[in-house]
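K.L.:
next one to model:
(4 chains)
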Protein chains: 2
Amino acid sequence: MSSRVGIRQVAKAAGVSVTTVSHALNDVGGARVSEETKQRVQAVAREMNYAPNRLASGLRNQRSGTIGFISDEISTTPFAGRMILGAQDAAKKKGLLLLLLNTAGDAEVEEAEIRALLQHQVDGIVYATMYHREVDVPELLSGIPTVLADASAPGARVSSVVPDEERGARSAVSELLAAGHRRIGFVTNQDNIPATRQRLAGYKTAVREYGVAYEPALVVAHQSTAAGGFKAATHLLSLDDRPTALFCFNDQMAMGAYQAAAAAGLSIPAELSVIGFDNLEIIAGNLLPALTTMQLPHYEMGVWAIEQLDQEIARPAGPDDSVKRVLLDCPLVSRDSVAPPSR
Amino acid sequence: MSSRVGIRQVAKAAGVSVTTVSHALNDVGGARVSEETKQRVQAVAREMNYAPNRLASGLRNQRSGTIGFISDEISTTPFAGRMILGAQDAAKKKGLLLLLLNTAGDAEVEEAEIRALLQHQVDGIVYATMYHREVDVPELLSGIPTVLADASAPGARVSSVVPDEERGARSAVSELLAAGHRRIGFVTNQDNIPATRQRLAGYKTAVREYGVAYEPALVVAHQSTAAGGFKAATHLLSLDDRPTALFCFNDQMAMGAYQAAAAAGLSIPAELSVIGFDNLEIIAGNLLPALTTMQLPHYEMGVWAIEQLDQEIARPAGPDDSVKRVLLDCPLVSRDSVAPPSR
DNA sequence: TGACAATGCCAAAACGTTTTTGTAATCTCG
DNA sequence: CGAGATTACAAAAACGTTTTGGCATTGTCA
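P.N.:
As a prediction, this is how the structure comes out:
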């Protein structure tokens, strides 16, 4: 095993000093090295397959070229994957690497992990949750550029990005209204989280925009699972003047709504239109008929978080007024579960 | 912002040399420092909230304390999450951090990413795929400890861990046989991948173990989606002597089988038992009735990969004969879709 | 031709650790 | 009591970079 080739070996091979090699490879300003030597050094370096040791350069520059990505959970949904993917793609463009950790919701674990990240001299940290939540930013993070993804911290002065839940819900319901539906049930969940509140607000806004009165009886809350969706939908479909369309809090509840529709002998979309939320491919794409739903912008949030972080890292000491709180759109993914109401 | 506290500050505060601080904190052998000073130094360090710079120590020790985790895709399923979680939990115990990358299946991207990992001086690399595959190990990895997860490389001398597909399939089918079924349909897929071949082998072994003749007509292949499962199951259920139970290649095909059963007016599990594979919580847990299925050991593969890697890193120069190829069990996750056949 | 600037390169310091080597001071024991 | 061993610490080198400051050499211009 030939010992790793370092800048010194390159210097020796090119017949110049390490200084010159560094200058030549890093295209340093101020004409420190002639074009000719620069070319030669670069050629030699390439030929020797030289790649600078990032540990060493990080030590010298006070820039590790890594950023920590810490999230509450990663396991159960594909959301994490999409968000991480977005972050990675963005990081790649900036020459950054992602150091991944997850806390499993345990505050002590979280603290230990942040310490570990700091020891490794990460240049910044993305603090992410897999479901849109409000969080407290750990004290430890105050010393280092931090961005929240799919989470917001109303009090803290950190930038954050979350889905525009309200606008998404409004789009979903508008889609149904545009198809001609006027009695639209909302199968929602019971948790007091931003998504619940804001999607309900979006639902209300949408119906009112179309001049339809908001009817509380059409909004039924249950657990946000297929079973909960089944119960809520079953109830709605048993109403005297049953809704002709259902907007579901998420795709799992929509799955339950499908089961309820089947039980009630209603075919989708001919006799009942359904629209979900989240765009869990694995559910939405596999239901029969395939489910029209709203896409949560996890990928885009990952991208945004990294780009914002990169800016904050570059800026020497962030002007305190530059905290950004961004809402990202939830686009409609149109499949086969929406149709005009049957006359 | 107080400039970061380094070993020098601690030394000054404790009134000793940096050498002594290092010795005291790292519990170095050979009685280099008196118990008394050691205690004092440790107290001072704790109080000053000193945490060694891992970049610097990594540079000195030629050990970064990071390992690269590179996978083909990460997005669509929760598998990635479980595997990464396993790897993380194991890494945490060893004091290692995970540097995550994914190639999106592009060989050029992959090469660039491996180079990036090497520049960052990772101590080892986990090369993972999200679906059990046979892979070629990139040439670049030959210089660094590498372990394959959910992938195997028949030719190469790297350790690897994959699910025991055959045994898993055998267990699944045995479960149905034990419940009393004798005509068991196999809804399988068409791809020529290890999972397809080995699960079929497991199916055959299981039925023979129970003295049941293997009937090729009961094995129907389609695309491994709900739609494919629907078609295959519809065909099987239309057979003269229709099977009383269905073993499905994965949970998505099982979802299709549910739809086929509903279309044929058969209730699950009373008139038809179904068992899946993969244990995609989001499907298996939300189907009605909940789906009994086999769990893929992604978490465990992640753990195993890191532990094996850690060993290979510790061992100076691995004895070439130590390549391990491990099969991990796929346990049964029992829910509500299996019952004795109706008489 | 002499002063001065520009050019092209190098030596050395620095980043924050760990480890090797050195050296006083104390202890052990014949 | 003196030689060797042990103890407790410190100085310095090393890990592989980047950057600062300096120094020759060459070119420019009055």
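K.L.:
and the residue lying closest to residue A:328 once chain neighbours are set aside, how many neighbours?
P.N.:
Excluding its sequence neighbours, the residue lying closest to residue A:328 (CB to CB, 6 or more residues apart in numbering or on different chains) is residue A:297, at 4.2 Å. To be clear about C-beta, it is placed using only N, CA and C from the backbone, and glycine gets the same treatment. When neighbours are counted by other CB atoms under 10 Å in any protein chain shown, residue A:297 registers 25.
K.L.:
how about the residues of the stretch 101-250 of chain A near chain B?
P.N.:
Taking CB under 8 Å from any CB of the partner chain as the contact definition, the stretch 101-250 of chain A meets chain B at A:101-102, A:113, A:115-121, A:143, A:225-227, A:230.
K.L.:
can you say which of those residues are buried?
P.N.:
Using 16 or more other CB atoms under 10 Å in any protein chain shown as the burial test, those include A:101-102, A:113, A:116-121, A:225-227, A:230 as buried.
K.L.:
out of the residues you listed, which is nearest to residue A:29?
P.N.:
residue A:121 (25.7 Å; CB to CB).
K.L.:
between the buried ones among the residues of the stretch 101-250 of chain A next to chain B, which is nearest chain B?
P.N.:
For those, the closest approach to chain B (CB to the nearest CB) belongs to residue A:226, at 3.6 Å.
K.L.:
per-residue pLDDT, the closest one?
P.N.:
As predicted, residue A:226 sits at a pLDDT of 96.
K.L.:
that one touches residue A:252, doesn't it?
P.N.:
Yes. With contact defined as CB atoms under 8 Å, residue A:226 counts as touching residue A:252 (5.1 Å).
K.L.:
could you tell me which residues touch both of these two?
P.N.:
residue B:286 (CB atoms under 8 Å, 6 or more residues apart in numbering or on different chains).
K.L.:
just to revisit the earlier point, report the two of the residues of the stretch 101-250 of chain A next to chain B separated the most.
P.N.:
A:121 and A:230 (50.7 Å).
K.L.:
how near is the residue nearest the centre of chain A to residue A:77?
P.N.:
For chain A, the residue nearest the mean C-alpha position is residue A:298 (2.6 Å; CA atoms, centre = their mean). Residue A:298 is 9 Å from residue A:77, where distance means CB to CB, to the nearest Å.
K.L.:
shaky segments in chain A?
P.N.:
A:1-3, A:31, A:316-321, A:343 (pLDDT under 70).
K.L.:
check which element follows the longest strand anywhere in it along the chain.
P.N.:
Ranked by number of residues, the top strand in chain A under DSSP state E is strand A:124-134. With elements assigned by DSSP states H and E, the helix or strand that comes after strand A:124-134 is strand A:146-152.
K.L.:
so in that sheet, which strands flank that next one, and in what orientation?
P.N.:
strand A:124-134 (parallel), strand A:159-163 (parallel) (DSSP bridges).
K.L.:
tell me which element residue A:85 is part of?
P.N.:
helix A:79-94.
K.L.:
just the buried ones among the residues of the stretch 101-250 of chain A next to chain B: which are in strands?
P.N.:
A:101, A:102.
K.L.:
surely residue A:21 is in contact with residue A:10?
P.N.:
Yes. Between residue A:21 and residue A:10 there is a contact under CB under 8 Å: 5.1 Å.
K.L.:
list residues touching both of the two?
P.N.:
A:41, A:45.
K.L.:
of the two, who's got more company?
P.N.:
residue A:21 (28 against 25).
K.L.:
the strands in chain A, which residues?
P.N.:
Under DSSP E, chain A gives strands at A:66-71, A:97-102, A:124-134, A:146-152, A:159-163, A:184-189, A:219-222, A:245-248, A:273-278, A:292-295, A:325-328, A:332-333.
K.L.:
once you drop chain neighbours, what's closest to residue A:305?
P.N.:
Using CB to CB, 6+ apart, the closest residue to residue A:305 is residue A:149 (4.2 Å).
K.L.:
give me the contact list for stretch A:85-97.
P.N.:
Against stretch A:85-97 from outside (CB under 8 Å, 6+ apart): A:65-67, A:69, A:98, A:123, A:126, A:149, A:298-307, A:310, B:74-75, B:99-102, B:113, B:116-117, B:120.
K.L.:
how about that stretch, does it get close to DNA strand D?
P.N.:
No. Stretch A:85-97 does not reach DNA strand D (CB under 7 Å from any atom of the strand); its nearest approach is 12.0 Å.
K.L.:
can you mark which positions in that stretch are buried?
P.N.:
Of the residues in stretch A:85-97, A:85, A:86, A:87, A:88, A:90, A:91, A:92, A:94, A:96, A:97 count as buried by neighbour count, 16+ other CB under 10 Å.
K.L.:
tell me the spacing between the first one and residue A:91.
P.N.:
Distance, residue A:85 to residue A:91, by CB to CB: 11 Å.
K.L.:
what's near enough to touch residue A:173?
P.N.:
A:184, A:202, A:203, A:206, A:207, A:247, A:275.
K.L.:
so the last one sits against residue A:335, correct?
P.N.:
No. At 9.5 Å, residue A:275 does not count as touching residue A:335 under the criterion of CB under 8 Å.
K.L.:
more neighbours: these two, which one.
P.N.:
residue A:275 (31 against 18).
K.L.:
quick check: the residue of the stretch 151-300 of chain A nearest DNA strand D.
P.N.:
Residue of the stretch 151-300 of chain A nearest DNA strand D, by CB to the nearest atom of the strand: residue A:159 (26.9 Å).
K.L.:
burial of that residue, as a residue count?
P.N.:
24.
K.L.:
what sits closest to it if chain neighbours are left out?
P.N.:
Residue A:159 sits nearest to residue A:324 (CB to CB, 6+ apart), 4.3 Å away.
K.L.:
from what I can see that neighbour touches residue A:308, true?
P.N.:
Yes. Contact status for residue A:324 versus residue A:308: in contact at 6.5 Å, counting by CB under 8 Å.
K.L.:
okay, and the common contacts of those two?
P.N.:
residue A:159.
K.L.:
neighbour count winner among those two?
P.N.:
Each of residue A:324 and residue A:308 has its neighbours counted (other CB under 10 Å); residue A:308 has more, 24 against 13.
K.L.:
dump the residue contacts of the more buried one.
P.N.:
So residue A:308 contacts A:147, A:159, A:161, A:324 (CB under 8 Å, 6+ apart).
K.L.:
what's the neighbour count on residue A:215?
P.N.:
Residue A:215 has 14 neighbours, counted by other CB under 10 Å.
K.L.:
can you check the one 5 residues further on too?
P.N.:
Residues lying near residue A:220 (other CB under 10 Å) number 20.
K.L.:
please tell me how far it sits from residue A:272.
P.N.:
15 Å.
K.L.:
one more: residue A:216?
P.N.:
21 Å.
K.L.:
of those two, who's got more company?
P.N.:
residue A:272 (28 against 7).
K.L.:
still on that earlier bit, so how far is the longest strand of chain A off the chain centroid?
P.N.:
Here strand A:124-134 is found 8 Å from its chain centre; the criterion is CA atoms, centre = their mean, to the nearest Å.
K.L.:
try stretch A:76-89
P.N.:
7 Å.
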